[in-house]
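> okay, predicted coordinates and the sequence, questions at the end:
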Amino acid sequence: MAKRKRAPKAPADPAHDLNALLPQKRHYRQRAHANPFSDHALSYPLSPDAIDWAALYPTSPSTPEFADVGCGFGGLLIALAPLFPDTPMLGMEIRVQVSQYVQDRIAALRATAAANPQSAPPGAYQNVSIVRANSMKFMPNYFPKHSLSALFFLFPDPHFKARKHKARIISPTLLAEYAYILKPGGIVYTITDVRDLHEWMKAHLEAFPLFEPASEEDLRAEGKGPILDAVYSSTEEGKKVERNQGDKWLACFRRIEVARI
């Protein structure tokens, strides 16, 4: 009886190779939230001038233009990176394991793009990076004045209890810092599935003199539709809300320039 011939080995599947290389979330277990007022073991720059941007963006070192505060597992950054390949983007995440996951994820995407140039343009994902940081304390240490064109707060911790509201990422004190680092015309994007938090963020931004509401219709007319689409559905939290058929509340605001008298 003749031996059965083995079936020829299937060609390598780039998607399978990518999945094998990407880090797995199950290896990065972490609590859902971290207390921003705790003394975390952090190292931070004395000023933006002290940052080695080449270590974060190897091919085109420069200060970031997009910042995702509390970036979680990096869904927004990964979605926007190929859409805006010339725009440096920085994620900020306080949780140790989560920030390490995003760092490993970016490294894997960069390596995969370099090894498979037919599947990604040269330098793919070189424009995106992450730092472990407490953004409530150290935002001005990372971003120069009027350097950002987009600032994202996607599904932030709602801190439901009234005594915890001081830990919310949108507050009058923090808005002054956000206005400092945003360019005139820059956009603050907020989204949440908690109606109370949406109303809180919206009310504080409306009351701050350096921000004005920017409607979704106007932003899409300005060509920011891909950004809005990513804000809605690229994050792990956004996808979870969709699976549960929940509501998402979007509020966007533009940094305005106030004429001095």
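On my side now, so go ahead.

> any regions of the stretch 151-261 of the chain where pLDDT drops low?
Applying pLDDT under 70 to the stretch 151-261 of the chain flags residues 261.

> show me where it has strands.
Secondary structure of the stretch 151-261 of the chain by DSSP state E, counting those that start in this stretch: the strands cover 182-192, 211-213, 249-255.

> as JSON lines, these with distance to D157 and mean neighbour count would be great.
For the C-beta atoms, the positions are set from N, CA and C on the backbone; glycine is no exception. As requested, those are exported to JSON lines (distance: least, C-beta to C-beta, whole Å; neighbours: other C-beta atoms under 10 Å):
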{"stretch": "strand 182-192", "distance to D157": "10", "mean neighbour count": "21"}
{"stretch": "strand 211-213", "distance to D157": "21", "mean neighbour count": "15"}
{"stretch": "strand 249-255", "distance to D157": "15", "mean neighbour count": "21"}
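
> the ones you listed: which one's closest to V241?
Proximity to V241 (C-beta to C-beta) singles out strand 182-192 among these, at 9.3 Å.

> what lines up beside that closest one in the sheet?
With DSSP bridges as the test, strand 182-192 is paired with strand 148-154 (parallel), strand 249-255 (antiparallel).

> the helices in the chain, which residues?
Applying DSSP state H to the chain gives helices spanning 14-21, 53-56, 75-80, 96-115, 135-142, 172-181, 195-207, 216-221, 225-233, 236-243.

> what about the ones you listed, which gets the closest to L46?
In terms of C-beta to C-beta, the element of these nearest to L46 is helix 135-142, at 6.8 Å.

> quick one: buried residues of the closest one?
Going by neighbour count (16 or more other C-beta atoms under 10 Å), the buried part of helix 135-142 is S135, M136, F138, M139, N141, Y142.
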